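Asks: Sequence first, then the predicted structure, then my questions.
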Amino acid sequence: MKMRNNACLLAVCMLFMVCGLFGEEADHPLKDYYAHPAADPLEGFNRCMEAFNAGCVKYAVRPVGKYYTLIVPKFVREGIGNFADNLQFPLSLVNNCLQGKFDGAWNETKRFGINTTVGILGIRDQASAWGITPMKEDFGQTFGHYGSGPWFYLHLPFLGPCSGRDGVGMLLGFPFDIANYLFGEYSIFVKCGVGANDALNMSNMINEYFSARYETYELTRAAYLCYRDALITDFSSSTSNEPQEFEESMGYIMLKARNERYGWNGVHGSVHLSGAKDRLPYTAWLPKKRDGRLVFLLPGIGAWRESAEMAALAELFVTRGWTVVSISNTYSADYFLHTGSTQLPGRPSVDCLELEMAMGLVKADVERRFPQKLVGPQETVVVGLSLGAINTLHLGARTQRRESACPFNRYVAVNPPVDPWHALRVIDSWFDIPMTWPEETRELRVQETLRKVAGLLENKTLSGAPPKMTLDESRFIVGVNIRLALANLLVASREEFALAELMRYPKTADLSVLKHRALDVSYDDFVNRILVKDGEDAEALGKQECLTNLEDAFKTADNIFVMHNRNDFLMTSESMAWLEATFGERAVIFPRGGHLGNLYVPDVQEVLVKLATGEK
């Protein structure tokens with residue numbers, strides 16, 4: 001697959017991490033569709049190949065890609081990809097015709113003519129600029145069009161996920177590649193060069209995919225098969241006539257750095273916490289000029305310290321001269337498996353004590369390693385999102401009460417749920433939205449929902465317009481993503497914390513069963529069956545974790561700020577009213593945006609920077 005398709009597949013993985021991980025709950029529509037998306041008789045080989053590819057990306061491709069994307073201009077890299085895409089015209093033309101898609105065949109013919117001439121041998125995609133969208137087809141899609149399933153799953157070295165059907169399709173497509181005739185015996189080197197260009201361009205994204213997750217095999221398998229199914233069906237949907245409306249929280253995925261290479265700029269470090277087996281990693285982004293100001297970023301539930309969203313926020317502050325440091329969320333294995341903690345995260349009032357210690361060590365390590373960036377009197381700020389925002393408010397309250405061992409000058413909480421355990425129950429209800437759909441069409445609609453997301457990410461349908469989603473469908477996807485953070489936490493920690501729910505499954509054997517079982521555990525189950533110990537009252541503990549218990553500290557603090565959206569689905573009207581009454585002018589409430597869904601908007605970003613830096 002070309003770079004664009006691979007990027008879309010990775011985005012599907014990141015958005016639909018539930019793929020292939022659903023458990024044994026008989027009535028849920030995801031069970032049959034994702035528990036066994038295709039036969040996998042070569043699972044041992046496939047797992048080895050995925051681990052091999054992940055290692056290649058981490059230790060070879062990404063380090064080279066960092067300098068390749070710096071030295072080779074973007075228009076050159078894109079031109080190489082466009083040139084290779086243009087040479088696939090015969091393959092796409094033949095398969096459009098074999099499937100009876102003659103409009104698509106004519107569309108591809110126009111694109112080839114325009115891009116070969118006006119686009120200078122396909123180096124520039126002039127056809128897309130003129131509104132002629134690609135209608136790519138291959139032999140694998142043709143087999144699928146006529147009812148052939150994937151046969152079996154296959155993960156290939158260097159090439160990544162595939163299937164038996166698509167593997168045969170690639171072999172059949174070999175004679176239709178113009179490169180074979182243009183370059184003759186040198187065509188293999190040309191193709192390797194094009195593939196290297198694609199891999200180096202995407203290496204940071206691929207590394208994030210592997211690094212941010214404890215185990216990726218089933219996710220990769222199911223997301224690939226889901227994506228190919230979407231291509232075969234042209235992202236079709238039976239709900240296109242229903243009212244279309246996005247859950248605004250999905251806007252969070254639009255938060256990206258202005259500089260496409262900014263994710264490469266992070267500098268890695270680590271600290272050792274007492275009792276931990278391994279060192280806790282962190283990432284720092286450094287300004288070019290000397291400054292004495294430091295921002296700590298605390299991401300949302302389960303999020304990784306180097307996600308695209310964290311890089312975007314880091315860019316906001318670094319461009320203003322601030323040093324930025326990020327550590328992964330407390331629900332992430334990248335964090336809690338490196339702290340030496342004796343209990344699972346989930347109670348912010350307790351989690352913040354360990355987090356405060358970790359942040360103190362990281363802050364000291366950054367000052368030691370980069371003294372030239374932190375000269376003079378320091379100004380330090382903590383900015384937290386979602387669950388990270390709850391932790392931020394707890395840290396701020398400890399500073400206000402003079403209990404903190406590592407006080408900061410300012411604390412900014414973005415979209416903190418006032419009642420954390422209520423928020424978790426809402427997430428469970430959104431995950432279960434498909435159970436409200438008619439039983440006879442439930443499974444089909446779940447499949448179509450995932451196809452829509454693939455289409456949105458690739459911005460493609462047969463008509464060239466992106467597919468639309470209903471409000472329920474988009475909320476279901478939001479619930480799925482947040483819910484899986486819990487499943488990853490449970491899988492990663494089952495031996496470390498001796499979880500009775502999962503300990504009977506071996507560490508390596510039948511890992512798929514283990515992950516299915518983990519996703520069966522809802523947030524409500526997590527609270528009542530794992531977090532709450534014998535003799536403790538779940539409701540009483542839930543009330544203790546509510547931010548209203550810190551009201552006295554918040555009211556008297558002039559350095560704790562909140563930024564929120566009035567239609568955040570994790571908030572009740574009572575909680576929003578309490579927030580406004582408690583923080584007064586230190587609370588900025590936007591009318592729309594859902595949960596973190598407007599952070600990509602420049603005006604909202606400007607407000608965030610002003611709250612964090614104190615700029616007027």
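Replies: Great, that's in hand.

Asks: hey, let's count contacts and neighbours off CA atoms from now on
Replies: Noted.

Asks: Give me the helices and strands touching the one helix or strand Tyr209 maps to, please.
Replies: Using DSSP states H and E, Tyr209 sits in helix 187-211. In terms of contacts (3 or more Cα pairs under 8 Å, 6 or more residues apart in numbering; DSSP states H and E), helix 187-211 is packed against helix 3-15, helix 62-71, helix 74-86, helix 179-182.

Asks: can you do 10 Å?
Replies: Judged by 3 or more Cα pairs under 10 Å, 6 or more residues apart in numbering; DSSP states H and E, the packing partners of helix 187-211 are helix 3-15, helix 43-56, helix 62-71, helix 74-86, helix 179-182, helix 217-232, helix 308-318.

Asks: For the third one, buried residues please.
Replies: So the one you mean is helix 62-71. 62, 65-66, 68-69 (16 or more other Cα atoms under 10 Å).

Asks: all helices for the stretch 201-350 of the chain, in order.
Replies: Per DSSP state H, counting those that start in this stretch, the stretch 201-350 of the chain carries helices over the ranges 217-232, 308-318, 333-336, 348-369.

Asks: What of the stretch 351-500 of the chain?
Replies: Using DSSP H, counting those that start in this stretch, helices in the stretch 351-500 of the chain cover 387-400, 420-431, 439-458, 471-493.

Asks: quick one: which of those is nearest Phe152?
Replies: Within those, the stretch nearest Phe152 is helix 439-458; the backing value is 19.1 Å (Cα to Cα).

Asks: what angle separates that closest one from helix 217-232?
Replies: On the basis of axes from the mean of the first three to the mean of the last three Cα atoms, to 10 degrees, helix 439-458 is oriented at 90 degrees to helix 217-232.

Asks: For helix 439-458, what does the pLDDT average out to?
Replies: Mean pLDDT, helix 439-458: 76.

Asks: how about the helices of the stretch 351-500 of the chain in JSON lines, adding mean neighbour count?
Replies: Converted to JSON lines, these look like this (neighbours: other Cα atoms under 10 Å):
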{"stretch": "helix 387-400", "mean neighbour count": "26"}
{"stretch": "helix 420-431", "mean neighbour count": "20"}
{"stretch": "helix 439-458", "mean neighbour count": "20"}
{"stretch": "helix 471-493", "mean neighbour count": "22"}
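
Asks: nearest to Asn259, of those?
Replies: Among the helices of the stretch 351-500 of the chain, helix 439-458 comes nearest to Asn259, with 19.8 Å by Cα to Cα.

Asks: Return the list of helices and strands in contact with that closest one.
Replies: helix 3-15, helix 30-35, helix 217-232, helix 471-493.

Asks: picking up where we left off before, the helices and strands packed on helix 187-211 into JSON lines, with extra columns for distance to Asn528?
Replies: Formatted as JSON lines, these follow (distance: least, Cα to Cα, whole Å):
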{"stretch": "helix 3-15", "distance to Asn528": "28"}
{"stretch": "helix 43-56", "distance to Asn528": "35"}
{"stretch": "helix 62-71", "distance to Asn528": "42"}
{"stretch": "helix 74-86", "distance to Asn528": "51"}
{"stretch": "helix 179-182", "distance to Asn528": "61"}
{"stretch": "helix 217-232", "distance to Asn528": "28"}
{"stretch": "helix 308-318", "distance to Asn528": "32"}
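
Asks: In CSV: the ones you listed, plus distance to Gly104 and mean pLDDT.
Replies: Listed next are the helices and strands packed on helix 187-211 as CSV, based on distance: least, Cα to Cα, whole Å; pLDDT from 0 to 100:
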stretch, distance to Gly104, mean pLDDT
helix 3-15, 18, 52
helix 43-56, 34, 92
helix 62-71, 34, 92
helix 74-86, 15, 93
helix 179-182, 22, 90
helix 217-232, 13, 84
helix 308-318, 34, 93
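
Asks: and Phe569, which of those helices is closest to it?
Replies: helix 3-15 (18.7 Å).

Asks: Show me which positions of the helix holding Tyr209 end up buried.
Replies: Buried residues in helix 187-211 (16+ other Cα under 10 Å): 187, 190, 194-195, 197-211.

Asks: now swap in stretch 555-571 and tell me
Replies: Those would be 557, 559-571, for stretch 555-571 by 16+ other Cα under 10 Å.

Asks: One more: stretch 346-365?
Replies: For stretch 346-365, by 16+ other Cα under 10 Å, it's 346-349, 351-363.

Asks: model confidence over that stretch, on average?
Replies: The pLDDT scores in stretch 346-365 average 92.

Asks: gap between that stretch and the chain center?
Replies: Offset of stretch 346-365 from its chain centre (Cα atoms, centre = their mean, to the nearest Å): 24 Å.

Asks: Please apply the same query to stretch 378-389.
Replies: Computed by Cα atoms, centre = their mean, the chain-centroid distance of stretch 378-389 equals 20 Å.

Asks: pull the CA atoms of it into CSV?
Replies: Extracted in CSV, the C-alpha atoms of stretch 378-389 (Å, rounded to 0.1, in the frame of the first residue of the first chain):
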residue,chain,number,x,y,z
GLN,A,378,11.9,29.8,37.0
GLU,A,379,8.2,30.0,36.3
THR,A,380,6.6,26.5,36.3
VAL,A,381,3.1,25.5,35.1
VAL,A,382,1.1,22.3,35.0
VAL,A,383,-1.4,21.9,32.1
GLY,A,384,-3.6,18.8,32.3
LEU,A,385,-6.3,17.4,30.0
SER,A,386,-9.3,15.3,31.0
LEU,A,387,-8.1,12.8,33.6
GLY,A,388,-4.8,14.7,33.6
ALA,A,389,-6.8,17.8,34.4
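
Asks: quick one: Pro434 and Glu443 touch, right?
Replies: Yes. With contact defined as Cα atoms under 10 Å, Pro434 reaches Glu443; the gap is 8.4 Å.
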